[in-house]
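Colleague: Show me how the following folds:
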Amino acid sequence: MDGMSRRDFVKAGAFGALGLDLAGYLRKAHAGEVRPAKGQAAIVIFLAGGPSHVDTFDMKPDSPAEIRGEFKPIATNVPGIQISEHLPTLARCADKFAILRGVSHTLAGHELGTEYLSTGSRPVPSLIYPGYGAVVSKELRGAADLPHFVAVPNSPQKAGYLGVRHAPLKTESAPEPGKPFSVRGVALAEGLTVEQFEKRQKLLSQLDTAFAGAETQSKLVEGLDKFGQQAFDMITSPRARKAFDVSLEDPKVASLFGQSRFGMSCLLAARLIEAGVRFVTVTFGGWDTHANNFKQSKETLLPNLDQGLSGLFTTLAAKGLLESTAVLVTGEFGRTPKINERAGRDHWPRAMFVLLAGAGMKGGQVLGASDAKAMEPDGPAITPEQVAASFYHSLGIDFKKEYHTPTGRPVMIVREGSVLPGLFA
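Modeller: Residues are numbered from 1 along each chain as shown. Below is the predicted model:
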């Protein structure tokens, strides 16, 4: 039946009772209007700078010392899966996420690698592709009084050709333990804060109507005004204010995240998703460890990642939200298997890790592999396009869907993508 599963056939029969025949169902399915996926919201954790795969989720204990480094692997709660000794809490909840190893590309620069892993499309000079958050905010409509795309505290993701209405609301700072998180710090379009927006609106209301009319001739200004007003209304609503206020969280739940900036940002992400926000991204920088890789990783980077990320997985699962929330954890690339003269590791896009969880994606497994020295994929590489396609698939978004740029150019969301075999339960 043209690739239609038995489950879809049963669904089509059920739709008949609602006045939708099989042909109509197939038309809607082809148009991407039928959403069998479990995902209703998403969180992307971006580890800016490029974390070392060898010292985290793809360790090589049998390699020479100049590759395996100082850290030892430990067992997780999934038999046969090991990760770094400095990720003990994540090891105890490894059944909740999938580890992708042997993810590979060729862009060793921060900016290009970041754009690639934030969109699933290889960067080109002629076009700015929309990031994950922009696509999700366009495809999954949320409540009118909540922001659709929140970045904590900021994000490299861009709206691209989708336009400013799909740009993120940036908090510009991380919450502090036990303190209300003021939405006054949230940025609207082009970095405009709520307070600045209020002043701007007051000023515009005092302007001569002819002058105000001239301003509305600009489509860009009109777009910014609409986005700004919508964003302002969202983040000043009572529901949004409550979602942003991390001090209202149950202390037992909050304690799971620790008190680091990253941990508190993950707590905020969980609260926003629980409130109904469709997409949240958290950026955690500091992973560009060209020097003192092991010292930085052991003392701050890995402990903060361990507690914040495990808190996120555990809390989403405990609240029944992991089944409906897709989680993607990635940097822009991995780091060199061979340790350099400064006890660091340099840029290495040919092998890296990615974590995926929730929304029907099966946890407690490893997909893909790198070779014995963590230098290349061992077998077929996992591409950023496959990561993106799988992420969108978990949310019921047709990654082959075509958008049109302002000039009318048709562009697929992910041109070369495919869903990773074995990822979905």
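Colleague: the strands in this structure, which residues?
Modeller: 41-47, 73-75, 82-84, 98-103, 149-152, 169-170, 279-284, 325-330, 334-335, 347-348, 352-357, 365-367, 402-404, 410-412 (DSSP state E).
Colleague: Save those as CSV, and put in distance to Asp250 too.
Modeller: In short, each C-beta sits where N, CA and C put it, glycine included. Converted to CSV, those look like this (distance: least, CB to CB, whole Å):
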stretch, distance to Asp250
strand 41-47, 20
strand 73-75, 29
strand 82-84, 28
strand 98-103, 28
strand 149-152, 20
strand 169-170, 25
strand 279-284, 19
strand 325-330, 19
strand 334-335, 37
strand 347-348, 41
strand 352-357, 22
strand 365-367, 31
strand 402-404, 41
strand 410-412, 43
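Colleague: tell me how far stretch 295-309 is from the chain's mean position?
Modeller: In terms of CA atoms, centre = their mean, to the nearest Å, the centre of stretch 295-309 is found 19 Å from the chain centre.
Colleague: Mind listing what's buried along that stretch?
Modeller: 296-298, 301-309 (16 or more other CB atoms under 10 Å).
Colleague: Kindly report the same for stretch 402-414.
Modeller: Neighbour-count burial for stretch 402-414, counted by 16+ other CB under 10 Å, picks out 403, 411, 413-414.
Colleague: Give me the contact list for that stretch.
Modeller: With contacts defined as CB atoms under 8 Å, 6 or more residues apart in numbering, stretch 402-414 is touched by 120-121, 127, 129-130, 135, 161-163, 385, 388-389, 392, 397-401.
Colleague: Of those residues, grab the buried ones for ChimeraX.
Modeller: Command for ChimeraX that selects the buried part of the contacts of stretch 402-414, burial taken from 16+ other CB under 10 Å:
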select :120,121,129,130,135,161,162,163,385,388,389,392,397,398,399
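Colleague: The contacts of stretch 402-414 in helices, which ones?
Modeller: 135, 385, 388-389, 392 (DSSP state H).
Colleague: Pick out the most distant pair among those residues.
Modeller: Largest separation among those by CB to CB: Val135 and Glu385, giving 13.8 Å.
Colleague: Now tabulate the strands of the chain in a markdown table and tack on mean pLDDT.
Modeller: Output for the strands of the chain, formatted as a markdown table (pLDDT from 0 to 100):
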| stretch | mean pLDDT |
| --- | --- |
| strand 41-47 | 98 |
| strand 73-75 | 98 |
| strand 82-84 | 98 |
| strand 98-103 | 98 |
| strand 149-152 | 95 |
| strand 169-170 | 90 |
| strand 279-284 | 98 |
| strand 325-330 | 98 |
| strand 334-335 | 98 |
| strand 347-348 | 98 |
| strand 352-357 | 98 |
| strand 365-367 | 98 |
| strand 402-404 | 96 |
| strand 410-412 | 97 |
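Colleague: nearest to Gly422, of those strands?
Modeller: strand 365-367 (6.1 Å).
Colleague: For that closest one, what is the distance to the chain centroid?
Modeller: 19 Å.
Colleague: can you check stretch 85-105 too?
Modeller: Mean-position distance between stretch 85-105 and its chain equals 16 Å (CA atoms, centre = their mean).
Colleague: What is the end-to-end distance of that stretch?
Modeller: The first and last residues of stretch 85-105 sit 27 Å apart, counting by CA to CA, to the nearest Å.
Colleague: Stretch 251-268 too?
Modeller: End-to-end span of stretch 251-268 (CA to CA): 14 Å.
Colleague: Not counting its own residues, what contacts that stretch?
Modeller: 45, 152-153, 171, 174-177, 181, 244, 246, 249, 280, 282, 284, 304-305, 307-312, 314-315, 318.
Colleague: how far away is the most centrally placed residue in the chain from Pro421?
Modeller: Nearest to the geometric centre of the chain sits Val44, at 1.6 Å (CA atoms, centre = their mean). Counting by CB to CB, to the nearest Å, the separation of Val44 from Pro421 is 23 Å.
Colleague: Then Asp346?
Modeller: Counting by CB to CB, the gap from Asp346 to Pro421 is 32 Å.
Colleague: Have a look at the two and say which one is more surrounded.
Modeller: Ranked by neighbour count (other CB atoms under 10 Å), Asp346 and Pro421 place Asp346 first, with 17 against 10.
Colleague: Which residue, neighbours along the chain excluded, lies closest to that one?
Modeller: Setting aside the residues directly before and after it, Asp346 is nearest to Thr336 in space (CB to CB, 6 or more residues apart in numbering), at 4.6 Å.
Colleague: Thr330 too?
Modeller: Nearest non-adjacent residue to Thr330, counting by CB to CB, 6+ apart: Val354, 4.7 Å away.
Colleague: My read is that the one you found contacts Val329, right?
Modeller: Yes - at 6.7 Å, Val354 counts as touching Val329 under the criterion of CB atoms under 8 Å.
Colleague: how many neighbours does Asn77 have?
Modeller: 13.
Colleague: And it, how close does it get to Leu322?
Modeller: 16 Å.
Colleague: Okay, and the beta partners of the residue nearest to the centre of the chain?
Modeller: Thr281, Leu328 (DSSP bridges).
Colleague: show me the residues around it that make contact.
Modeller: By CB under 8 Å, 6+ apart, the residues touching Val44 are 132-133, 157, 279-282, 327-330.
Colleague: change it to 6 Å
Modeller: When contacts are counted by CB atoms under 6 Å, 6 or more residues apart in numbering, Val44 touches 132, 281, 328.
Colleague: can you check Lys179 too?
Modeller: Going by CB under 6 Å, 6+ apart, the list of residues near Lys179 reads Ser247.
Colleague: where does it land on pLDDT?
Modeller: Lys179 carries a pLDDT score of 82 in this model.
Colleague: Quick check: it vs Phe284, distance?
Modeller: As judged by CB to CB, Lys179 and Phe284 stand 20 Å apart.
Colleague: same check, this time on Ile81
Modeller: 23 Å.
Colleague: Equivalent analysis for Leu112, please.
Modeller: 20 Å.
Colleague: Those two: which is more packed in?
Modeller: More neighbours surround Phe284 than the other of Leu112 and Phe284, with 27 against 17 (other CB under 10 Å).
Colleague: Which residue, other than its chain neighbours, is closest to the more buried one?
Modeller: Phe262 (4.6 Å).
Colleague: What is the neighbour count of that neighbour?
Modeller: Summarising burial for Phe262: neighbours were counted as other CB under 10 Å, giving 27.
Colleague: can you check Val124 too?
Modeller: Val124: 9 surrounding residues under other CB under 10 Å.
Colleague: which residues of the stretch 201-350 of the chain score low on pLDDT?
Modeller: Judged by pLDDT under 70, the stretch 201-350 of the chain has its weakly predicted residues at 201-232, 234-236.
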